[in-house]
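Undergrad: let me see the structure of the following:
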Amino acid sequence: MFTIEGINDLKTLSDIIGGELFSNNEPFTGITVDSREEVNGTVYLALKGESFDGDTFCQDAIANGSIAVITDNPETLGRFILVKDTYDALLKIAGHHHKEINPRTIAITGSNGKTTVKEMMGTVLDSSKTIITKSNENNQFGIPYTILRCTSSTENLVLECGARHDGDFQKIAEHFSFDQLVITNINNSHVGIFGSIQNIIRTKLELTKAVKKSGNVIEAAFKDLSKNHKLLKESSEIKLYDSNDLNLNTAWFYGCEKDSEQNDKYLISLNTENADRQIKFEASIEHNCLNAVLASLALEQFGYDINESMKVLSGFKNPLMNRFHIHEISNYLVIDDTYNANPTSMQSAMKTINDWEDERGRMLILGDMYDLGDHASEEHKKVIKYALEMNNLKKLILVGDKFKNEIKDLNDKEREKVIQIENRVDDFPYLELTRESSVKSKGIVHRYFKSQGGIILIKGSRAMKMERFVKSIIKYVQ
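TA: Predicted coordinates for the structure are as follows:
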């Protein structure tokens, strides 16, 4: 249930959302979008999505204590507020709440890194006065839900903004305003859905329209966003722009290299025309260095000291367990990076374990990458090529049809290191992994690593459910 600041009766609610009230005016306690909630005195908002229609549950909501419903169906029984579009009603409710609470609002978007940057900001900011997006609740519904979780004590709001369709951010930009927009990067992730990289760029940049005149934009994706929308080939620059007019304020030249004396530390350089900064930073994966710098530079615009922020974030471990989460079991490192995958994040994860000064062998269990459209074949080939060139690679296990289509051109020496298995969700993964092993009780992990232990990375797109393999591997290395 969401409590709405400044709205507690049906007439006021109807006016805010531009609806028509078919009921006497009565007080209500809050808004619910779940008809199963037993919360007396609420108003049920009948949302619609690609795979659900909340309007079919209006009577269930009334039975569970809701005093009225918001619907687009004029034939609804009982007390209701009639609107043209229930999603627009959600945005208007959240927009009103946002203006009433008026927290300092930072929106984060990009193809990679936005969840980590969001979690990093949440680590630096005062948690008692800050609301951040839960888990990956970052879509067109999750954004207003996060806003509605704010209370009168909320001073900071950090919104992770993910788009799954062309134009997803247009309505978000119309209803909400931000003090800052952070763009982590942009690549061909989900290009199969958006149709082109240009559509991805246009969709992400819709959010710049929501930045206040007094706000700023910080990004590591473009050559110069104020003049053109040409992407950087590498994330070597970070730029700050004043307001949504995108007037270039500052450009930092970013550099990162391994600390030759300490395997888990990096030396970061941030150079401008006027000053050079050197920062020693501990990170489990290299791209978290850039994520930490982005988060710290963004917060610096609100008075936070960048050096103090980087100290807080040194050694940062994402609280979401499937984001390069390292399980140390006996003499194995089992790395759960199964949240999602695209070509950039796949290569970054592989590069990280390849760069480790660790003599143990590597095993990769990689699942298909989705939503790449016409780029799918090329990108899966690149991942295979990069993997086979890694140091001390014991076995490359490829899961799914997309990878299967790209192994036919491998030479005999390369094929010796590759196992391709089907992605049958009704199979127990360990049965697949033990199929080639003569020792069924120990399976393929023990066969190729024997007693030395090893480093095992599991990664793939969300739809591949690669976490199944994490559970199986952990079971068999214990």
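
Undergrad: Thr154 versus Glu30, what's the distance?
TA: Careful, residue 30 is Gly and not Glu. 16 Å (CB to CB, to the nearest Å). Any C-beta I mention is one placed from the backbone N, CA and C, and that applies to glycine too.

Undergrad: residue contacts, the spatially most central residue of the chain?
TA: Nearest to the mean C-alpha position of the chain, counting by CA atoms, centre = their mean, stands Thr115 at 4.0 Å. Applying CB atoms under 8 Å, 6 or more residues apart in numbering to Thr115 gives the contacts 136, 138, 160, 318, 320, 323, 339.

Undergrad: change it to 10 Å
TA: By CB atoms under 10 Å, 6 or more residues apart in numbering, the residues touching Thr115 are 108, 132-133, 135-136, 138, 160, 162, 184, 291, 318, 320, 323, 339-340.

Undergrad: please pick the buried ones from those.
TA: Those of the contacts of Thr115 that meet the buried threshold are 108, 132-133, 136, 138, 160, 162, 184, 291, 318, 323, 339-340, by 16 or more other CB atoms under 10 Å.

Undergrad: in the stretch 151-300 of the chain, mark out all the helices, start to finish.
TA: 168-175, 191-194, 197-205, 287-300 (DSSP state H, counting those that start in this stretch).

Undergrad: tell me what the shortest one is packed against?
TA: In this structure, helix 191-194 packs against helix 197-205, helix 376-388, with contacts taken as 3 or more CB pairs under 10 Å, 6 or more residues apart in numbering; DSSP states H and E.

Undergrad: can you lay out those helices as a markdown table showing mean pLDDT and mean neighbour count?
TA: Putting those into a markdown table (pLDDT from 0 to 100; neighbours: other CB atoms under 10 Å) gives the following:
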| stretch | mean pLDDT | mean neighbour count |
| --- | --- | --- |
| helix 197-205 | 92 | 19 |
| helix 376-388 | 96 | 18 |
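
Undergrad: Leu297: which of those is closest?
TA: Of all the helices and strands packed on helix 191-194, helix 197-205 sits nearest to Leu297, with 18.9 Å by CB to CB.

Undergrad: name the residues that touch that closest one?
TA: 109-111, 161, 163-170, 173, 181, 183-184, 186-191, 193-194, 196, 217, 219, 221-222, 225, 229-231, 246, 375.

Undergrad: ok now it, how far from the chain's centre?
TA: Averaging C-alpha positions (CA atoms, centre = their mean, to the nearest Å) puts helix 197-205 17 Å from its chain's average.

Undergrad: would you put the C-alpha positions of it in CSV?
TA: What follows is helix 197-205, C-alpha atoms only, in CSV (Å, rounded to 0.1, in the frame of the first residue of the first chain):
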residue,chain,number,x,y,z
ILE,A,197,21.4,1.9,-31.3
GLN,A,198,19.9,5.3,-32.3
ASN,A,199,16.6,4.3,-30.8
ILE,A,200,18.3,3.3,-27.6
ILE,A,201,20.1,6.7,-27.4
ARG,A,202,16.9,8.6,-28.1
THR,A,203,15.0,6.7,-25.5
LYS,A,204,17.6,7.2,-22.8
LEU,A,205,18.0,10.9,-23.6
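
Undergrad: could you give the angle of it to helix 168-175?
TA: On the basis of axes from the mean of the first three to the mean of the last three CA atoms, to 10 degrees, helix 197-205 is oriented at 20 degrees to helix 168-175.

Undergrad: where's Ile183 relative to Glu328, distance?
TA: 35 Å.

Undergrad: so for these two, which residue has more residues nearby?
TA: Ile183 (27 against 8; other CB atoms under 10 Å).
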